[in-house]
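Student: no FASTA, just this:
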């Protein structure tokens, strides 16, 4: 299987690469940090069929699309690249807000604009979005980030309806807190925090089972779901008290 992983230089992306590094898989690892990509490439070469790296900033859309276009056919793309600006009740500056949407939303569309015609031509392919449980409830301290991930959910849903007839699987993963560079920024207790390895194992199992939407950890998902079922006034009171 030929797998493209974005945001592959650290965290979930790097661990996804490690767990997919088998003699049956050719990996294409895309990220900004060349030194980390090269180190990961050397680590995985003995284990994978092939390991190619692409050094690219996903917000440089024109360059990104050119680099994706020369890849030819791939079997699966894992759209893992994402950023957070931390938690704050202050209004997010426009520049940070735009950066969040550029990385978390628009970069995925830039990549898929190139890959989807190839998937249609080969009548197969998997598109995996890494969203977040934060997309299901927008806390006052993460409203901008949550909105990007909710946009990802809507985009993934629409693609699934559109391309299912072409044999293309669209999988949307909604993790809770997993140890990574992103969560390392958090200065609060993170409920149901998973190790990077354990979190990625769950993601891969969901991909193997072609789960349309997979939210985890289950207990955290159920708590958020129950909260969303409450009357609005009560939900607002509980959210503000927790926040």
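Tutor: It's in. Since this is a predicted model, take the numbers as computed values, not measurements.
Student: alpha carbons only for contacts and neighbour counts from here, please
Tutor: OK.
Student: spatially central residue in the chain, please.
Tutor: Nearest to the mean C-alpha position of the chain, counting by CA atoms, centre = their mean, stands residue 130 at 2.3 Å.
Student: roughly how far does that one sit from residue 107?
Tutor: 13 Å (CA to CA, to the nearest Å).
Student: what's the answer for residue 146, then?
Tutor: 17 Å.
Student: ok, residue 216 next?
Tutor: For residue 216 relative to residue 107 (CA to CA), the value is 24 Å.
Student: other SSEs contacting the lowest-mean-pLDDT helix or strand in the chain?
Tutor: Least confident element among the helices and strands of the chain, by mean pLDDT, DSSP states H and E: helix 181-184 (a mean of 72). The criterion is 3 or more CA pairs under 8 Å, 6 or more residues apart in numbering; DSSP states H and E, and there are no helices or strands that helix 181-184 contacts.
Student: could you check which of residue 216 and residue 107 is surrounded by more residues?
Tutor: Counted by other CA atoms under 10 Å, residue 216 and residue 107 do not tie: residue 107 has more neighbours, with 23 against 19.
Student: got the contact list for that one?
Tutor: Counting by CA atoms under 8 Å, 6 or more residues apart in numbering, residue 107 touches 58, 59, 61.
Student: do a quick rundown of the strands in this structure.
Tutor: 2-6, 26-31, 50-55, 76-79, 126-130, 169-175, 213-216 (DSSP state E).
Student: tabulate the ones you listed in TSV, adding columns for distance to residue 85.
Tutor: Formatted as TSV, these follow (distance: least, CA to CA, whole Å):
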stretch	distance to residue 85
strand 2-6	19
strand 26-31	18
strand 50-55	23
strand 76-79	19
strand 126-130	17
strand 169-175	18
strand 213-216	22
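Student: and those strands: which comes nearest residue 223?
Tutor: strand 213-216 (11.1 Å; CA to CA).
Student: pairing partners for that closest one, with directions?
Tutor: Note on strand 213-216: by DSSP bridges, its sheet partners are strand 169-175 (parallel).
Student: which residues sit against the partner strand?
Tutor: By CA under 8 Å, 6+ apart, strand 169-175 touches 124-133, 135, 153, 156-157, 159-160, 163-164, 199, 203, 206-207, 210-217.
Student: let's see 7 Å
Tutor: Strand 169-175 is contacted by residues 125-133, 156, 160, 203, 207, 210-217 when judged by CA atoms under 7 Å, 6 or more residues apart in numbering.
Student: and what of stretch 61-69?
Tutor: By CA under 7 Å, 6+ apart, stretch 61-69 touches 56, 58, 107, 110, 111, 114.
Student: out of those, which comes closest to residue 91?
Tutor: residue 107 (23.6 Å).
Student: ok, back up a step: buried subset of the contacts of stretch 61-69 as a ChimeraX selection?
Tutor: A single ChimeraX command is used to select the members of these judged buried by 16 or more other CA atoms under 10 Å:
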select :56,58,107,110,111,114
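Student: inside helices: which ones of the contacts of stretch 61-69?
Tutor: Counting by DSSP state H, the part of the contacts of stretch 61-69 found in helices is 107, 110, 111, 114.
Student: can I get these in TSV with pLDDT?
Tutor: As requested, the ones in helices among the contacts of stretch 61-69 are exported to TSV (pLDDT from 0 to 100):
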residue	pLDDT
107	98
110	98
111	98
114	98
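Student: list just the nearest of these to residue 230.
Tutor: residue 107 (34.8 Å).
Student: and the closest one, how far from residue 178?
Tutor: Distance check for residue 107 against residue 178: by CA to CA, it reads 22 Å.
Student: and if you look at residue 149?
Tutor: For residue 149, the distance to residue 178 - CA to CA - is 16 Å.
Student: circling back: list the contacts for the residue nearest to the centre of the chain?
Tutor: Contacts of residue 130 by CA under 7 Å, 6+ apart are 79, 80, 172, 173, 174.
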